[in-house]
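# pasting the structure only:
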């Protein structure tokens, strides 16, 4: 059952107004249980604890990435550009729709503690015994592998890869617009329609007509703003830290033979690092929140406290540090111990720049792997240049980082033990 | 700890841009575990299965109702209207913030099957042993009861009640705007700023300056559109029917002594109709979805099927009927039985007009309870009239209903048993 | 020079984001002097004196009507509907772009006083010795006549006419959205994208798929709101009355042989009712405002006063009357004369319902000319019905009118002569 | 007649939703003929020839600057900040409303040719025999002079000046938002509400709470984008060049004793550089466009051609030059002469960076006049720093300029004389 639908279907979408489905394969993929599962995983993890509107799911983002890809390809086809390989349309659309299908709940935190990789899970879902695999095989027996190759950036035609994975791909364009819409900030709203108009397939790459340079600058500035005001927001970082502590503590307890009152199978598999595909499909935010709810009353007080903190949004506070030296941190650690806190769980240094994000990084140091294709401008003489060579503003913000060190900690025990702490500690933590 | 905050706090909100908190009591209420729990309950229940953007929670709606109420009162205070009882400000704000705090997950469906009432639960939370109760008692010992009285519409000053419960209250104004924003439709976007400007406290009621009549008409038309295009959408109704069937089947099984593999305590209390406040606080959407996930593999095939239908969005289809007669329904019932379906679970007639909604209903039949204060216009001679006496458009849409009967059923068994069915049944269910 | 452009051109547009030009003929038409002239004529006449944002020109509206028509046709072509006559594409686009090209400055007021008709001027421009005619003739010698036939609603294929002239045509859809955007109200914002998706060519007409009925209802409600809140706003009516008085007085003076200090040729032609095409092309708002500026100092005090009122926005006030009887108006007239006012110029009864607008009027009395094709719904059995037969809300608002009589007058002389007026007059005009 | 209005008045505004007037003085100022005249002067001069939506007037911008100032002051008052001099409220509002009242039509071009200065005219209007002066004198006899002092940046309290004249004043904030709205681009939409919230009066200056730094960065980036994509758009520059040529040619002809068929008095005064206040008040865009219309048929072919080019939008084309050397320009000049063109009128080098704009320039060279107060951040220790010391992004874009040289010229004569031109010239002007 491939081919076009007898009648175009639409989804109402707040970001793109409508999402248009014209292929039976796309329609069937959306209706699989693995794709529907994305409704139970929020796009921005714990960000809803900072921006309460950010409750949107990976389901809606995945539809959005598909829709932007569909629009790009449709523009290429309408203009009949010879450098666009028309036979790759359905493959590109499927890869766009499914690129995030392997995400678990609160991926960033979970992946850090359990060393899972959502991209690997995406491929296992595409290639394993799943409804998605069944739909893809109806196109051709090797179609699941081709979609996986695009997602692993190993498909032989880089133009297909770059649609969903480059410095200005459909993934980033959708999430900037969508996260801006749902948080309610207006930093992320660049001119998508104009960018779509100036993209061109050119010698195996996607390039931007030079006349669209300002629109690309605007997109990069939006990205810069979104990183610093949404994605790296210190309150969101705090909730991620709590979440990681919950995972770490549960793992520690489990490995030490602690007997949990509540331990559903998918979580057990996770803690034993023997996750099966079937269990992974059941590991959604509902399951985690139910577990946290139950663990709130666990015998282990530390785990219980962390779970309650997460559920009731009693987050760690933070202080800003220009340059945290070992000596000072040692002092803090000893002070914390003196009032009964665990430095391993109750203090954490965070430096958002450590994350693999940057506004734009066209040049890489020797030996570094180039992750994402750079943004290329095409001038009227058909010559191609990397954008930071042409744009002063891009050059000036490339490589910029304004990260600050934050020290996160629970405030309540410091307040109740204020009189035990030294003057220096009291000043450091603003305790008057 | 009452009184003003040392510094105003804000929440970024996509609908109102910012939500301003100026009172310590409001700030503390938001930070209680009972209020934070609203983050785990969606505002529109199952609507996200029809409009994927509708994933917003009752948390954000509750903040929105608070903010609109704050704006109305602030306008009254700025203009110094003598008919506004200034001493009721904090009470009004608390009632606005907390009016929905007793909602459980998927309230509409759950209340129908289990005969719970979210308003009663709101009062139990306000008046029971809760963090919210503790915050409210800091204002005064009888403050929790006063907030409860407002929510039960029994507070002696009707002007306070009407802020959150009338034909044009802060509750409705927020949900129309918010649901429109998150679904992505533009039907619900009336001119809130103008309506806020023309409200006046007048002799114990809130009235509208006559010059604002057109803005009120626009609000009522928005409401009309939202009901028919969002709230009564047949696909949403289908998902609610599935949900009710899950609840009904679980209840039936439980009452017949069936032993569930997974039965968390809050659900057990629900099924036994012996719900405690403590269990109710744990009954959120996560718990239900985790239960549905587990029940997908229950021994009872009917329960398993219904749960999988809900989780993977395999909803019932529907046909439209002008006037369903008993005879035809009997025939359908027998046909369903002949192919192994349970009429009790596999066919359901739905008529949305049965719901207690209407666009606007100023006049009530004798004996009927007046639920919501009507919209009153104040002319320049200080004379007050009910709006439908002045507005042709309101009069013409008052009492309008365009409901149709829908018969919901699972399509798959009908397709696979097509050859057993009569020609009449095949035509009725569009099976060719 | 016909055929497609080598590269699509775009105009940035606040309402449609971009306006796309793909045909050389369209590009050349936009660049004619007659079309550029529309930049000097405001879309909403004097409405900018009430809503200061409403300064947009007929140029931008004409582009908008073209763009909506282009989108409708492009949808028809993409779906390959056999009932759409593909050979009529360019004709339809030209008619859409040019349908308003014959508008003069402040058309409504000017046409009332001087009995000109913008539609006739449109045809004279299309068929006369103009740049537009030259561009159209490059398509074919009879192309100007064909465009004129569409605009006069006499083209043999009614489907082409209905694109720009029916109860839901590209003209109305653009002006509702555009006028809402520039005035800043949100009454006019219906879901254009959805309506475009549900339009179908069907047996020589354009019909609406029944599933789009609610979107059409929303469009009609928007129209209702825009009429009463923008187009019939009493302050706008007042400025149109002043303008008509200026024209009437100038005509009266000219016919009585009065010698004007400033009388540019296009105005002279207008007053002599011997307008040539060349003069009409110079008759724009700039010329009128320059004349009003000069006439502010004319010897005739009445003309000077009216011109200054218009330029400096010293409009007439109004009182509302339920049912103005002759006797009362006679009394007012005598009172006005007693304080030196001219009843012919200083009092005017206005009843907006007299204008040829209504929300929706599908049925006409016998003998009445059907001006605009009604809105037709197409159900899944391919049967067509007029919308008010299916939609309760449309039926209920059809034929609604809520017009009130307004009596307009200059307030200043009444205030300064207050003590001469009777008690009844003082009460009528709210003079205390 | 000073003091508060009995009832707040509002203007519907697309940018700020509503503009609130609470003082009789403000209301009366808006109703003066000098302020109403701003309706006949476009905010963005000739930009409507590039972005057709940009037809908004200085009237609406002036109301917007007033509204932002009102909001800032109202926030200061609501919070009771002691550093805000409350007695300066009305003065600040009047200065905000009136700061642009001296603008003439197409100010930039006109001021360049005729050396007028709109700021001087603003003061003449405030202090001369005008309706505005009469309204201001009702506040106090020296009030007109105080308003003028604020506008001339000489008022002794710099905090009042900085509201309407600093690197982030109400003027700039309104025009960025308004120009973005009316052109339809979204580059200019920063978070006004947030910026207003973080402004603080502090020791005679207005500073920004450090927590608002990102919002200020966003504002500066918006400004950067607006300059390069709207204000310096090469097509707009071309229309300004044509306009300047019209003025220059008219001046040249007038000074050489040429007898104009049409020469209204205000234009005569302008050409004789003996402008009176009364004539200046009549010099609006209508008058200029009427003159251009008449001059289109003047005996001087050059003037006629320039006027027709402006009215019918037959603008000069341009080529981009990295670094125009004298030799090349000399060659071009000779080539132009050889085909009958006037180098003085038919070729013009433009380098937008020459204009007195920059994204942000906190430091000035010695001897340079500091025009605009820099943006200052206030940290929680009450220490103040200039923003580029704290913000990497501001530092990196400060002083950036990406201007290119453009050579403007009429294309038609080059095309028709192509065979006379050298190969080099043909290549330079892309003539194939």
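Structure's in. What do you need? Bear in mind the structure is a predicted one, so any value in this text is a computation, not a measurement. Numbers count the residues shown, from 1 in each chain, chains lettered A, B, ... in the order given.
# who in the stretch 51-200 of chain A is up against chain D?
A:185, A:186, A:187, A:189, A:190, A:191 (Cβ under 8 Å from any Cβ of the partner chain). Quick note: C-beta positions are derived from backbone N, CA and C, even for glycine.
# what's the closest non-adjacent residue to residue A:340?
Spatial nearest neighbour of residue A:340, excluding adjacent residues (Cβ to Cβ, 6 or more residues apart in numbering or on different chains): residue A:413 at 7.0 Å.
# try residue A:288
Nearest to residue A:288 is residue A:105, by Cβ to Cβ, 6+ apart, at 5.1 Å.
# please look at the one you found and residue A:280 and confirm they touch.
No - counting by Cβ atoms under 8 Å, residue A:280 is not a contact partner of residue A:105; they are 10.6 Å apart.
# can you give me the helices in the stretch 101-250 of chain A?
For the stretch 101-250 of chain A, the helices defined by DSSP state H, counting those that start in this stretch occupy A:107-114, A:118-127, A:131-137, A:143-151, A:158-164, A:170-183, A:192-198, A:213-226, A:234-255.
# please name the residues that touch the residue nearest to residue A:340.
Contacts here follow Cβ atoms under 8 Å, 6 or more residues apart in numbering or on different chains; on that basis residue A:413 touches A:339, A:340, A:341, A:346.
# ok, the residue of the stretch 151-300 of chain A found nearest chain C to chain D distance?
Taking Cβ to the nearest Cβ, chain C has its nearest neighbour within the stretch 151-300 of chain A at residue A:193, 5.3 Å off. According to Cβ to the nearest Cβ, to the nearest Å, residue A:193 stands 10 Å off from chain D.
# narrow the contacts of residue A:413 to those that are buried.
With neighbours counted using 16 or more other Cβ atoms under 10 Å in any protein chain shown, these contain these buried positions: A:341, A:346.
# of the contacts of residue A:413, which is the nearest to residue D:32?
Closest approach to residue D:32 among these (Cβ to Cβ): residue A:346, at 66.7 Å.
# now do that closest one, the pLDDT please.
Note on residue A:346: pLDDT of 94.
# list the contacts for it?
Per Cβ under 8 Å, 6+ apart, neighbours of residue A:346: A:336, A:409, A:410, A:413.
# for chain A, what lies in contact range of chain C?
So chain A meets chain C at A:10, A:17, A:18, A:193, A:194, A:197 (Cβ under 8 Å from any Cβ).
# highest neighbour count among the contacts of residue A:346?
Neighbour tally across these (other Cβ atoms under 10 Å in any protein chain shown): the maximum, 22 neighbours, falls on residue A:336.
# mind checking how far stretch A:32-50 is from the chain centre?
Mean C-alpha position of stretch A:32-50 versus that of the full chain (Cα atoms, centre = their mean, to the nearest Å) differs by 11 Å.
# walk me through the domains of chain A.
Following automatic domain parsing, chain A resolves into domains at A:4-219, A:232-307.
# adding mean pLDDT and mean neighbour count, write these out as TSV.
Shown next, in TSV, are the domains of chain A (pLDDT from 0 to 100; neighbours: other Cβ atoms under 10 Å in any protein chain shown):
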stretch	mean pLDDT	mean neighbour count
domain A:4-219	95	20
domain A:232-307	95	19
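# make CSV from those domains and add distance to residue D:216 to it.
Formatted as CSV, the domains of chain A follow (distance: least, Cβ to Cβ, whole Å):
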stretch, distance to residue D:216
domain A:4-219, 13
domain A:232-307, 17
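# nearest to residue C:202, out of these?
Nearest to residue C:202, of the domains of chain A and by Cβ to Cβ, is domain A:4-219 at 15.6 Å.
# does the residue nearest to residue A:260 when sequence neighbours are not counted sit in a helix, a strand or a coil?
Leaving aside its sequence neighbours, residue A:260 sits nearest to residue A:298 (Cβ to Cβ, 6+ apart; 6.9 Å). Using DSSP: H, G, I helix; E, B strand; the rest coil, the structure places residue A:298 in coil.
# show me the contacts for residue A:298.
A:260, A:261, A:304, A:307.
# does the last one touch residue A:292 like I think?
It stands for residue A:307. Yes - in this structure, residue A:307 is within contact of residue A:292 by Cβ under 8 Å, at 4.3 Å.
# pull up the overlap in contacts between these two.
Common neighbours of residue A:307 and residue A:292, counting by Cβ under 8 Å, 6+ apart, are residue A:246.
# quick revisit: quick one: which of the residues of chain A next to chain C is nearest chain B?
residue A:17 (7.0 Å).
# tell me the bridge partners for that closest one.
residue A:13 (DSSP bridges).
# that one contacts residue B:183, doesn't it?
No - the pair formed by residue A:17 and residue B:183 falls short of the contact definition of Cβ under 8 Å, at 11.7 Å.
# so the closest residue to chain C within the stretch 301-432 of chain A: helix, strand or coil?
Closest residue of the stretch 301-432 of chain A to chain C, Cβ to the nearest Cβ: residue A:380 (11.0 Å). Under the three-state scheme (three-state DSSP), residue A:380 adopts coil.
# correct me, but it touches residue D:319?
No - assessed by Cβ under 8 Å, residue A:380 is found out of contact with residue D:319, at 11.9 Å.
# quick one: residue A:219 from residue A:168, how far?
6 Å (Cβ to Cβ, to the nearest Å).
# what's the overlap in contacts for these two?
Between them, residue A:219 and residue A:168 share the contacting residues residue A:195, judged by Cβ under 8 Å, 6+ apart.
# and stretch A:382-393, how far from the chain's centre?
With Cα atoms, centre = their mean, you get 28 Å for stretch A:382-393.
# show the subsequent helix or strand relative to whichever helix or strand residue A:302 is part of.
Using DSSP states H and E, residue A:302 falls within helix A:301-311. Using DSSP H and E, the helix or strand that follows helix A:301-311 towards the C-terminus is strand A:317-321.
# in that next one, what counts as buried?
A:317, A:318, A:321.
# what residues are up against residue A:409?
A:316, A:317, A:318, A:319, A:336, A:341, A:346, A:347, A:348, A:429.
# can you check residue A:411 too?
By Cβ under 8 Å, 6+ apart, the neighbours of residue A:411 are A:316, A:317, A:429.
# swap in residue A:288?
Contacts of residue A:288 by Cβ under 8 Å, 6+ apart are A:105, A:106, A:267.
# measure the closest residue to the last one other than its chain neighbours to residue B:352 for me?
Spelled out, it's residue A:267. Among residues not flanking residue A:267 along the chain, residue A:291 sits closest, at 5.9 Å (Cβ to Cβ, 6+ apart). Residue A:291 is 38 Å from residue B:352, where distance means Cβ to Cβ.
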